[in-house]
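Chemist: Sequence first, then the predicted structure, then my questions.
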Amino acid sequence: MARASGTSVALTRLLPGRSDRLLIAPHDLRTTDATRAAEIYSGRFVFAGKIVTCHGRSVFELDPPSEEWEVSLLGFGWLRHLRAADSAITRANARALLDDWLAHPRKSAVAKRADVVGRRIISLLSQAPLVLHDADARFYRRFLKNLTREIRFLRYTKADIPDGLARLQVLIALCYASLCLANQAKHIKGATKKLSDELQRQILPDGGHISRNPDALVELLLDLLPLRQTFAARNIAPPPALLNAIDRMMPMLRFFRHDDGSFALFNGMNAAAPGVLATLLAYDDTHGTPMPHMPHTGFQRLDAGTLTIIADTGPPPPPSLSRDAHAGCLSFEMSSGANRIVINCGMPSTGRDNWRSFARSTAAHSTLTYAETSSCQFVERSAMKRMLQGSPIVAGPETVESYREVTSEGTTLTMSHDGYRKQFGFIHRRVLTVAADGSRIDGEDELAKEPGSAFRGSMDDYAIRFHLHPSVKVSRLTDGRGAMLMLPNRDVWTFEAPDQKIDLEDSVFLAGSDGPRRTTQIVIRQHARQVATVHWSFAKSASSAAANAKRDPRREPELPL
């Protein structure tokens with residue numbers, strides 16, 4: 001057997017000439033941590049923010065503390081940490097754990113979930129050199145028999161897989177299986193065709209995923225890039241649909257990336273593991289400037305000087321693909337150089353069920369919320385959520401428009417959505433104007449009534465929120481009409497909203513690598529029947545002594561930064 005990346009591992013000696021043998025092991029691009037091998041060896045399994053200590057028992061016999069933990073355990077992705085340690089002890093430990101699984105496979109519903117089985121197949125194929133390095137022929141046969149059984153199960157259950165990322169990942173697993181196992185070679189053509197068709201359907205022309213979740217791009221590329229290598233290692237031409245999908249997706253990574261290396265937080269994105277984005281971008285041969293507009297996925301990007309703004313300008317995905325989609329239409333994120341300023345709350349990497357409802361709400365995004373109501377409606381009934389395997393969007397913006405105008409002075413982005421039209425009778429219109437040098441952004445939010453109509457309902461209160469990154473220190477100005485923001489590099493930005501009172505309220509940054517973190521949001525509250533248009537701005541403050549001497553004492557921060 002050989003590594004797809006080219007490193008040889010002599011394992012075919014165990015069963016020479018047999019048809020049920022491993023031909024190649026795919027490369028695993030996911031981040032590894034050799035220190036976790038010691039934890040696993042000592043019987044501590046830390047997944048999804050939960051810790052299980054075995055105390056001499058089989059980890060596969062213990063009750064899982066959460067579904068997320070069980071998914072991680074039974075996906076076997078943790079074997080890569082043992083591979084990173086690369087010692088005789090870790091190889092023996094990996095083999096013992098896998099032998100334990102083969103002897104006592106878990107019978108739970110999670111263990112039989114198609115996406116979990118698919119991930120397990122990919123993990124076992126990728127880490128085969130680890131577990132088979134010193135294995136005897138008996139273990140080798142059991143390993144292959146189990147793999148073949150799981151592949152057969154997956155092949156006959158794939159029709160029941162929910163639409164979206166999970167379906168693609170299952171088809172990727174079947175494609176890997178056909179390339180890596182001699183007894184699956186007859187399925188190469190069929191598996192390749194099914195994967196190609198699904199890639200053409202799910203990867204949009206601009207490179208975005210049909211779910212509009214940036215995290216889907218990361219997860220798919222971590223599997224598709226090694227799959228491309230595996231085709232090449234087998235001297236089989238990769239299908240054009242695979243190559244085209246990768247070529248379209250790579251620029252999309254740059255589109256969503258802030259200068260600090262993190263991803264914009266839209267539609268379920270969380271904190272990517274350190275180094276993952278850098279690993280993926282190393283495969284990008286273009287190294288070009290991100291495109292300013294992704295019309296099929298529905299996002300706009302403005303770059304001026306060191307300022308970056310990324311805005312959500314698309315409707316929600318179809319219900320079958322919206323289980324993770326958020327009600328964040330017209331929200332935006334803003335960064336200056338390597339400093340994040342305005343954010344969306346995002347989604348935590350673990351413990352998602354505790355935060356899912358809030359994280360998907362409009363109030364968790366830097367945009368306008370009317371009557372404390374989200375611009376999208378989600379399935380809420382528990383029975384329906386169980387049947388649909390999630391809480392898809394059942395109503396939301398249908399018409400979302402955006403266009404930009406570029407002049408010598410800067411760029412103006414005009415956006416609108418009708419998510420509140422049916423219930424409340426207005427269109428939310430937002431205009432962002434960015435100065436050419438990136439030193440200022442002027443914004444306008446308008447609740448535009450339809451001709452001849454009035455605001456519906458008794459409630460007309462609305463809030464415009466700007467969630468701030470936890471690294472930003474903020475203090476309200478003494479006149480209550482603005483706030484001063486200090487960034488980690490000591491740059492100062494001033495937020496102003498003429499004729500409006502602003503409040504600083506608690507918020508939460510859910511997508512932190514170390515879990516949810518407390519932060520602050522700037523909030524402007526108004527009533528639509530009194531004030532239907534609000535103007536606001538962010539401006540980078542001059543730092544010279546002369547400029548500081550001219551500051552209006554009535555515009556000083558209430559508290560020192």
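Modeler: Nice, thanks for sending it over.
Chemist: Return the alpha-carbon coordinates of the strand or helix carrying Trp355 using PDB.
Modeler: Per DSSP states H and E, Trp355 falls inside helix 352-360. Output of helix 352-360 as PDB, limited to C-alpha atoms (Å, rounded to 0.1, in the frame of the first residue of the first chain):
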ATOM      1  CA  ARG A 352     -24.200  24.100  19.500                       C
ATOM      2  CA  ASP A 353     -27.600  23.000  20.700                       C
ATOM      3  CA  ASN A 354     -27.300  25.400  23.700                       C
ATOM      4  CA  TRP A 355     -26.800  28.400  21.400                       C
ATOM      5  CA  ARG A 356     -28.400  27.400  18.100                       C
ATOM      6  CA  SER A 357     -31.600  29.300  18.500                       C
ATOM      7  CA  PHE A 358     -29.900  32.600  19.400                       C
ATOM      8  CA  ALA A 359     -27.000  32.200  17.000                       C
ATOM      9  CA  ARG A 360     -29.400  31.900  14.100                       C
END
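Chemist: And it, how far out from the chain middle?
Modeler: 14 Å (Cα atoms, centre = their mean, to the nearest Å).
Chemist: Can you pull out the residues in contact with it?
Modeler: Contact with helix 352-360 is made by 68, 325-327, 345-348, 364, 374, 376, 378, 391, 510, 516, as judged by Cβ atoms under 8 Å, 6 or more residues apart in numbering. (C-beta placed from N, C-alpha, C; glycine too.)
Chemist: now the strands: where do they sit in the stretch 51-200 of the chain?
Modeler: Secondary structure of the stretch 51-200 of the chain (DSSP state E, counting those that start in this stretch): no strands present.
Chemist: can you give me the helices in it?
Modeler: Applying DSSP state H, counting those that start in this stretch to the stretch 51-200 of the chain gives helices spanning 67-75, 79-85, 88-103, 114-126, 128-132, 137-157, 165-180, 188-202.
Chemist: can you pull the buried residues of the helix holding Trp355?
Modeler: 352, 355-356, 359-360 (16 or more other Cβ atoms under 10 Å).
Chemist: Over to stretch 84-98?
Modeler: Buried positions in stretch 84-98, judged by neighbour count with 16+ other Cβ under 10 Å: 84-85, 90-91, 93-95, 97-98.
Chemist: Point out the least confident one among these.
Modeler: In terms of pLDDT, the lowest of the buried residues of stretch 84-98 is Ala85, showing 85.
Chemist: if I pick the closest residue to that residue other than its chain neighbours, what's in contact with it?
Modeler: Of all residues not flanking Ala85 in the chain, Ala37 sits nearest, at 3.7 Å (Cβ to Cβ, 6 or more residues apart in numbering). Residues near Ala37 by Cβ under 8 Å, 6+ apart: 81-82, 84-85, 90, 93.
Chemist: so which strand or helix has Ala37?
Modeler: Here Ala37, judged by DSSP H and E, is contained in helix 35-41.
Chemist: helix or strand right after that helix?
Modeler: With DSSP H and E, the next secondary element past helix 35-41 is strand 44-47.
Chemist: who's in contact with that following strand?
Modeler: So strand 44-47 is contacted by 36, 39, 51-54, 59, 68-69, 72-73, 78 (Cβ under 8 Å, 6+ apart).
Chemist: got it, and stretch 522-534?
Modeler: For stretch 522-534, contacts defined as Cβ under 8 Å, 6+ apart pick out 370, 426, 444-449, 455, 460-466, 468, 474, 483, 495, 497, 500-505, 536.
Chemist: what about it, start to end distance?
Modeler: Criterion Cα to Cα, to the nearest Å; first-to-last residue distance in stretch 522-534 is 14 Å.
Chemist: so how far is that stretch off the chain centroid?
Modeler: On Cα atoms, centre = their mean, the centre of stretch 522-534 falls 32 Å from that of its chain.
Chemist: ok, so what distance separates the spatially closest residue to Ala48 that is not a sequence neighbour from Asn354?
Modeler: Nearest residue to Ala48, sequence neighbours excluded (Cβ to Cβ, 6+ apart): Glu68, at 3.6 Å. In this view, Glu68 and Asn354 are 11 Å apart by Cβ to Cβ, to the nearest Å.
Chemist: next one: Thr367
Modeler: Separation of Thr367 from Asn354 (Cβ to Cβ): 23 Å.
Chemist: quick revisit: now flag whichever of the contacts of Ala37 is closest to Thr279.
Modeler: Ala84 (14.0 Å; Cβ to Cβ).
Chemist: and the nearest residue to the closest one once chain neighbours are set aside, which of the three is it?
Modeler: What sits nearest to Ala84 in space, not counting adjacent residues and going by Cβ to Cβ, 6+ apart, is Thr32, at 3.7 Å. Under DSSP: H, G, I helix; E, B strand; the rest coil, Thr32 falls in the coil class.
Chemist: is it true that Thr350 touches Pro65?
Modeler: No: the criterion here is Cβ atoms under 8 Å, and Thr350 misses it with Pro65 at 11.1 Å.
Chemist: Now the common contact residues for those two.
Modeler: In contact with both Thr350 and Pro65: Lys50, using Cβ under 8 Å, 6+ apart.
Chemist: between these two, which one's more packed in?
Modeler: A direct count of neighbours by other Cβ atoms under 10 Å for Thr350 and Pro65 places Thr350 higher, at 18 against 15.
Chemist: excluding its backbone neighbours, what's nearest that one?
Modeler: In space, Thr350 is closest to Gly49, 3.6 Å off (Cβ to Cβ, 6+ apart).
Chemist: same question, Leu29
Modeler: Per Cβ to Cβ, 6+ apart, closest to Leu29 is Leu222, 5.1 Å.
Chemist: where exactly do the strands run in the stretch 301-450 of the chain?
Modeler: 307-312, 332-336, 339-343, 368-370, 377-378, 393-395, 400-407, 410-417, 426-435, 440-449.
Chemist: average pLDDT across the fourth one?
Modeler: Meaning strand 368-370. What strand 368-370 shows for mean pLDDT is 96.
Chemist: packing partners for it?
Modeler: strand 426-435, strand 440-449, strand 461-468 (3 or more Cβ pairs under 8 Å, 6 or more residues apart in numbering; DSSP states H and E).
Chemist: now do the first one
Modeler: Packing contacts for strand 307-312, counted by 3+ Cβ pairs under 8 Å, 6+ apart, involve strand 299-304, strand 332-336, strand 410-417, strand 426-435.
Chemist: swap the cut-off to 6 Å and go again
Modeler: strand 299-304, strand 332-336 (3 or more Cβ pairs under 6 Å, 6 or more residues apart in numbering; DSSP states H and E).
Chemist: Make TSV out of the ones you listed and add mean pLDDT and distance to Met252.
Modeler: Output for the helices and strands packed on strand 307-312, formatted as TSV (pLDDT from 0 to 100; distance: least, Cβ to Cβ, whole Å):
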stretch	mean pLDDT	distance to Met252
strand 299-304	96	9
strand 332-336	97	16
